[in-house]
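Asks: My questions concern the predicted model and sequence given below.
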Amino acid sequence: MEKTEKKMSLQKQKKQELVNSLVKDFSEAASIYLLDFQKITVAQDNALRMNLRKKGIAYRASKNRLIKEAFKKANISGLDSYLKGATSIMLGSAEDPMLPAREVVEFHKANPDILTAKGISLDNSSLNGSELENLAKMPGKTEILGQVVSLMLSPGANLIALIKGPGGKIAGQIKALEERLETA
């Protein structure tokens, strides 16, 4: 009887550690993607995991009950209804929360109907998995920052060009006049 109780206690402890790990991952993630991975083969899953690891994307499978408990502890709402069937989790970083969406869409090109999105949490808002393609089309943080910097610099560059243009012409005419006077 004691062995059974110890074994159950160890299982409970392991499950609690898994939940705590999920809570930590969820609190650090900028986006959470819940995916249905039922149709994926082991070879496809291994290839996907290796590719995601290279890009710094966290990906794991877990029991829905443990995910639900972790959502409750991490104060994440709106995704519980998507926790049916086989569920894997992909986490997006603050640097590029849309990167997992782009990776799933890319994976779908080679493997249609495998690894479908169930639900997505982005900035504490829950979205249906059908929004995955729209999210994949959105630019990343660095691209957006580049566009903002470009927009900020363009009026200044235009102003400098406007000032420099006539000023350059006047300077050229003064220089030509000076040269003429020196030769005369």
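Replies: Yep, that arrived.
Asks: for this protein, which spans come out with low pLDDT?
Replies: 1-4, 6-8, 141, 144, 151, 153-168, 184 (pLDDT under 70).
Asks: which residues in it form helices?
Replies: Using DSSP state H, the helices found in the chain span residues 2-28, 42-54, 64-73, 99-110, 132-137, 141-183.
Asks: Adding distance to Ser121, write the ones you listed out as JSON lines.
Replies: Glycine gets a C-beta too; all of them are placed from N, C-alpha and C. Below are these laid out as JSON lines (distance: least, C-beta to C-beta, whole Å):
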{"stretch": "helix 2-28", "distance to Ser121": "8"}
{"stretch": "helix 42-54", "distance to Ser121": "18"}
{"stretch": "helix 64-73", "distance to Ser121": "9"}
{"stretch": "helix 99-110", "distance to Ser121": "11"}
{"stretch": "helix 132-137", "distance to Ser121": "11"}
{"stretch": "helix 141-183", "distance to Ser121": "17"}
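Asks: Serialize the ones you listed to CSV and add fields for distance to Leu83 and mean neighbour count.
Replies: Below are those laid out as CSV (distance: least, C-beta to C-beta, whole Å; neighbours: other C-beta atoms under 10 Å):
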stretch, distance to Leu83, mean neighbour count
helix 2-28, 12, 12
helix 42-54, 20, 13
helix 64-73, 4, 18
helix 99-110, 18, 18
helix 132-137, 17, 16
helix 141-183, 29, 10
